[in-house]
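Q: Sequence first, predicted coordinates after that:
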Amino acid sequence: MALINGGHLVGKYLKEIENVDVVFGISGGHLESLLDGFTEYKIRTIDVRHEQAAAMMAHAWSVYTGRPGVCFLTAGPGFTNGLTGIANAYLDNAPLVVLCGRAPLRDDLKGALQEMNQIEVVRPITKWAATCYDIKRIPEYLSIAFRNALLGRPGPVMLELPPDILNIQIEESLVPMPARPNPKYTVHPDEADLKAAAEIINNAKKPLFLGGSGIGFSGCSGPLGKLVEKTGVPFMLLNYGRGELPDNHPLSVMDIGNLGLFFSIARFDVIIAAGLRFNWLLQFGQIIPKTTKIVRIDIDPLEINRNVEATVGLVGDAGSVLGQLVPFVNENDHGEWIQTLKGAGRSVLDNEHRIRETATDPIHPVRLVAQIQKFVGDDAIYIADGGDTQYFGLGFTTRQKAGVVASAAGLLGCLGTGLPFGMAAKLARPDKKVVVLNGDGSFGFNAMEFDTMVRHNIPVVCVINNDCAWGMIKHSQEVSIGKDRLQCSELGVRRYEKMVEGLGGHSEFVTKDEEIIPALERAFASGKPACINVMTDPTVTSPATHLFYQSLKI
Amino acid sequence: MRFSVLLFFLYRILQWAAKHNAAYQNYVGSIHDVKIMIKTADGKRGRLFIFDRGAVRSRSGGKHSYNTAIIWSDAKTGFRVMSSQSDEEQFKAAAAGEMKLDGMAFFAQWFNDGVKLVM
Ligand SMILES: Cc1ncc(C[n+]2csc(CCOP(=O)(O)OP(=O)(O)O)c2C)c(N)n1
């Protein structure tokens, strides 16, 4: 006879069934047995300094590994602190599994410590949320949680685990584990729809393939490569789809940038949009003329006609749909069209290209990005977090899967995501250089995570684009209410790198162009988590600021 | 010459619209001190459009400081493409390197979309 407690059962399920080897969170009394379960089943814990970072790291883990990320939150404030990260995962469709403590069921309605109705609070920002009331059903509930996180369109789930089941014991043989993890079932489009889509693609004269996060979560570089290479269709990959095929692929038009895309979007006769929502970032698709033929591929049938009516809709996992489409499309060459597009992109971005090549005093953020790229290269992972900063950071190029992520450019627009994403990226791909480009404002939200990086030896290099302001807000206020009435938008010259040094990291302070690369050299050579605080031109505004400002104009 | 005249008329139309056209007034809103230049690459011809709290002002010449500039390779191309009022022509000009943007590229699109509202 072998007894096992509820916390260990959770650990056993995570390790043996879902093959989870790292979880993110902060301890709490309500979770003690669970924490011991992690020890028992040799699951690595990354204990952070604010629960929002734990949820964001687990979310990012799913982006960089393609597997669900797991975080643990203690009851009450641990839960409420994690909410921002959960909401972010919800709006980003990321498979995040939240294990949450709870006040004892025994003490419900009596005013127990941290007693609150967590399930009702979290329900609108999860795909599924439930409380497990019976120790025997822990594996079953966990299985349901993972199934909901992963199957169909992914998203976050929360399982509440009260001490009444975590801290009691049961005969282990009475709680069998499922035989295997949930298989990944997919749905497939009809052949008639595939043929209709292929006909549109075969007849296209000025096509574009636009891929989004669904491309990244599907991990479909194989079928995607086959489709674009056979059809010769140029492509842009956005959000977590970035890097699924390298930016320097001959058919990539990533170099025209967001500005080039907006400038050209009315010129395409066919747009194949896969795993991509036409949300505010694409102006709800309103910029696409009605005459453009749209082939829309999405795992969620409700997305197919959302905001823009598709000419043909193909429902299913992006990779599997693209694989099915390949036999129906013709070999083609759109080389001339690609050159035209690139030419237009170059003219629109002419200014930025020149800035990249020119040293200025003060440092221009576009030049900062170019210098980082020059030193770090494209076999690296970049994350940009901030307002203007994230527009500049999208100028990095990569051949890593999800290699350039503007972590605050999701639908929640959540500043502070950069460092948690950077940490998860480094844990997921320890052999790759990871750079977080942070606005000075955004840096503040999770700056204490440098302590986590030092304790767990996660050598991320964070470069602060320090314009001494909440830049995007400041610059839109300048245009909207005027320079003389700025409100809550200015910060100051702060030596953030010294704070990092105090936490045990490597620090650099940069004010001149020629100091950028030597500072990067030393930061990477240190092998430590590093902060390079770069003072940049506070007058520079990105186009994203004006897009943002216009989008709020009623 | 024709290019400069076209820019002058454009200024007059936008100035009028900012006073009388409700849709354009709403579009321009209370935007503060945004300066958009349209000029030739050599800077010899051009006009600056200043949008400030609902009003449109302008100065002739291509040498003023600006937030955004739409730069034409030469006056003839600028006149041909602008007078065509065709996005397709503008795209082709950009693809051929005959039109470039400088500064805050977003405002070029904003300016053009505003012009479409009043034309
Ligand atoms: C958590 C959070 N708080 C506030 C905002 C509103 N906001 C959007 S952009 C921005 C300014 C960002 O400043 P910074 O990180 O310094 O980047 P910069 O724009 O200067 O590049 C703010 C405050 C937000 N999006 N997220």
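A: Perfect, I can see it now.

Q: in the least confident helix or strand in chain A by mean pLDDT, what's buried?
A: Within chain A, no helix or strand scores below helix A:543-552, which has a mean of 80 by mean pLDDT, DSSP states H and E. Neighbour counts over helix A:543-552 (16 or more other Cβ atoms under 10 Å in any protein chain shown) mark A:543-550 as buried. Just so you know, the C-beta spots here come from the backbone N, C-alpha and C atoms, and that holds for glycine as well.

Q: what's the answer for stretch A:439-455, then?
A: Buried-residue list, stretch A:439-455, by 16+ other Cβ under 10 Å: A:439-447, A:449-454.

Q: quick check, the least confident helix or strand of chain A touching the ligand?
A: No - against the ligand, helix A:543-552 shows no contacts by Cβ under 6 Å from any ligand atom, the least distance being 7.3 Å.

Q: Domain-wise, how is chain A divided?
A: By the assignment in automatic domain parsing, chain A contains the domains A:3-174, A:191-346, A:350-552.

Q: export those domains to TSV and tack on distance to chain B?
A: Below are the domains of chain A laid out as TSV (distance: least, Cβ to the nearest Cβ, whole Å):
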stretch	distance to chain B
domain A:3-174	24
domain A:191-346	4
domain A:350-552	4
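
Q: Same list, those, but as TSV with distance to B:D102 please.
A: As requested, the domains of chain A are arranged in TSV below (distance: least, Cβ to Cβ, whole Å):
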stretch	distance to B:D102
domain A:3-174	35
domain A:191-346	13
domain A:350-552	5
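
Q: Let me see the contact set for the closest residue to A:R455 other than its chain neighbours.
A: Of all residues not flanking A:R455 in the chain, A:D47 sits nearest, at 7.8 Å (Cβ to Cβ, 6 or more residues apart in numbering or on different chains). A:D47 makes contacts with A:25-27, A:452, A:455, as judged by Cβ atoms under 8 Å, 6 or more residues apart in numbering or on different chains.

Q: Could you do B:V115 as well?
A: B:10, B:14.

Q: which SS class is it?
A: At B:V115 the chain is in helix, as set by DSSP: H, G, I helix; E, B strand; the rest coil.

Q: From A:F392, how far off is it?
A: 29 Å (Cβ to Cβ, to the nearest Å).

Q: Ok, A:S480 next?
A: From A:S480 to A:F392 the distance is 22 Å (Cβ to Cβ).

Q: Give me the more crowded residue out of those two.
A: A:F392 (26 against 15; other Cβ atoms under 10 Å in any protein chain shown).

Q: What helix or strand is the more buried one located in?
A: Assigned by DSSP states H and E, A:F392 belongs to helix A:388-393.

Q: Give me the residues contacting that helix.
A: A:258, A:365-366, A:368-369, A:382-386, A:404, A:406-409, A:437-439, A:442, A:465, A:467, A:471-472, A:475, A:540-545.

Q: Just the ones of the residues you listed in strands?
A: Among the contacts of helix A:388-393, the residues falling in strands (DSSP state E) are A:382-385, A:404, A:406, A:437-439, A:465.

Q: tell me the contacts of residue 89?
A: If you meant another chain, say so; for now it's chain A. Going by Cβ under 8 Å, 6+ apart, A:A89 touches A:55, A:58-59, A:96, A:155-156.

Q: meant chain B, my bad for not saying
A: The neighbours of B:E89, taking Cβ under 8 Å, 6+ apart as the test, are B:80-81.

Q: Repeat that for A:E336.
A: So A:E336 contacts nothing (Cβ under 8 Å, 6+ apart).

Q: okay, it: pLDDT?
A: Looking at A:E336, its pLDDT is 97.

Q: same question, A:A384
A: 98.

Q: repeat for B:Q109
A: On the pLDDT scale, B:Q109 is placed at 87.

Q: Same question for the one 10 residues further on.
A: The confidence metric pLDDT takes the value 85 at B:M119.

Q: Got phi/psi on the spatially closest residue to it that is not a sequence neighbour?
A: In space, not counting the residues next to it along the chain, B:M119 is nearest to B:Q85; the distance is 6.1 Å by Cβ to Cβ, 6+ apart. Torsion angles at B:Q85 (phi, psi; degrees, to the nearest 10) stand at phi 50, psi 30.

Q: Cool, thanks, signing off.
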